[in-house]
Every structure is written in structure tokens, then in C-alpha cells.
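*Asks:* Here's my sequence, what's the structure:
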Amino acid sequence: MAPTLWLTGDPEADALLEADPFALLLGMLLDQQVAMETAFVGPHKIAQRMGGRLDPALVADADPEEFAALCATPPAVHRYPGSMAGRIQAVARVVVDDYAGDVARLWSDGDPDAREVLRRLKALPGFGDQKARIFLALLGKQRGVTPDGWREVAGAYGDEGARRSIADVTDEASLHQVRETKKAAKAAAKAMR
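*Replies:* Below you'll find the predicted structure:
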């Protein structure tokens, strides 16, 4: 049994992330240039604005201008709502066209190993290598999705007891620990320049 998710501190947003793999995927997509918990609340905002449903086909087929306006409505889904709206719709289109609207097929179709799941994640719009590895670690650590070799393929993000990314956030204390780890890594990178 996968643990109850605590990624945002908002019980409704966390419940959606726990119940809906598409919401979780969109939260990961939005996790850039905003606080982690802000990114992962984004899918809940979209669902509320779409009549309580976060359906990949509805998102993919929405009028792009109307969807961008929906994402920009205060409080905005992201600090860059226009560009992120396009990415959200592009990911939704791939989910609909390649996975029949079922995000879980990314990690379940054909019983793939972790390398294949990583390849599929990296093929999504807006998912580079790091984001794909973090999401793989999140699936393994918190959703019980553990394809063969997932810790190795996730790299340092898959390490037991790590506090590197959203994959390691389970409560407010761990959120702060992850923030401190990221802050230290940025300072070290800056010092190396």
C-alpha cells in the first residue's frame, strides 16, 4: 500500500494527487521556477476550474487561448501560466494519443523496466532527464511503482533516506529538509563557478 501523499500541505490538492496519476504528472511538469508545493497545487486549481474534473482528453482538447486564460486566472497555476498552459496541453495530448488517456500506462504497458519508464517519461513534453528521474523516484518511493532497477535509474533521487526532491517530501519537516538540501546544492554550484 502506497503512503498517503503530503506534497502541498493542502488536503484537497494532496488527495487529488494521490487519487489521480495525471494530476501527479502535471504537478511534476509544473515543478520548475516555483516552490514545489505551489507546483503540485496547480493540478487542483485546474480541476476546480474545469468543473471538478482533470481529464486528459478535456485538457488536450481545450481551446488553447481559453486554457491559457484558465491557467492565468488568479491565483495562477504557475508563475508563467501561458507557456505552462501549452506544456500542460502538450503532455495531455501525448497521454491521450499514446496511452489512451491513462497516465499509469506510462509505467505499466508491457511491464517495462525502469530504463523504459525513464525513456517514456523523457519523451513527454517538458520532461528532461532530471525531471524524469525525480518523477521515477516519486513513483517508487511514494506510489509503490517499482519497475526493475528503479532506484539505480533514478540515480541519487532514488537513494533511501535522501532529501533531494519532491520524491522525498512526506510532511512539512521533510519539505524544509529538501529545501535546505537544494539551497546547499545551489550554493556549492555557485562557489564552483
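
*Asks:* can you give me how far whichever helix in the chain runs longest is from the chain middle?
*Replies:* For the chain, the helix reaching the highest residue count under DSSP state H is reported as helix 172-192. Centroid displacement of helix 172-192 relative to its chain, using CA atoms, centre = their mean, to the nearest Å, is 19 Å.

*Asks:* In which helix or strand does the one residue sitting closest to the centre of the chain reside?
*Replies:* Nearest to the mean C-alpha position of the chain, by CA atoms, centre = their mean, lies residue 28 at 1.7 Å. With elements delineated by DSSP states H and E, residue 28 resides in helix 21-30, which encompasses its position.

*Asks:* returning to that earlier point: mind checking pLDDT for the residue nearest to the centre of the chain?
*Replies:* Per-residue confidence for residue 28 comes out at a pLDDT of 98.

*Asks:* Repeat that for residue 192.
*Replies:* In this model, residue 192 carries a pLDDT of 86.

*Asks:* element containing residue 17?
*Replies:* Secondary structure (DSSP H and E) places residue 17 in helix 11-19.

*Asks:* Can you name every helix or strand that that helix contacts?
*Replies:* Identification of packing neighbours for helix 11-19 by 3 or more CB pairs under 8 Å, 6 or more residues apart in numbering; DSSP states H and E yields helix 21-30, helix 36-49. From N, CA and C alone the C-beta is placed, and that goes for glycine too.

*Asks:* Make JSON lines from those helices and add distance to residue 130 to it.
*Replies:* Supplementary listing: these in JSON lines, determined by distance: least, CB to CB, whole Å:
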{"stretch": "helix 21-30", "distance to residue 130": "11"}
{"stretch": "helix 36-49", "distance to residue 130": "14"}
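
*Asks:* Can you say which of those helices is nearest to residue 151?
*Replies:* For the helices and strands packed on helix 11-19, the distance to residue 151 is smallest for helix 21-30, at 18.1 Å, taking CB to CB.

*Asks:* who does that closest one touch, helix- and strand-wise?
*Replies:* Helices and strands touching helix 21-30, as assessed by 3+ CB pairs under 8 Å, 6+ apart, comprise helix 11-19, helix 36-49, helix 81-99, helix 129-142.

*Asks:* 10 Å - rerun?
*Replies:* Contacts defined by 3 or more CB pairs under 10 Å, 6 or more residues apart in numbering; DSSP states H and E place helix 21-30 against helix 11-19, helix 36-49, helix 56-61, helix 81-99, helix 105-108, helix 129-142.

*Asks:* Residue 119 is nearest to which of the ones you listed?
*Replies:* Across those (criterion: CB to CB), the nearest stretch is helix 129-142, sitting at 8.5 Å.

*Asks:* Alright, that wraps it up for me.
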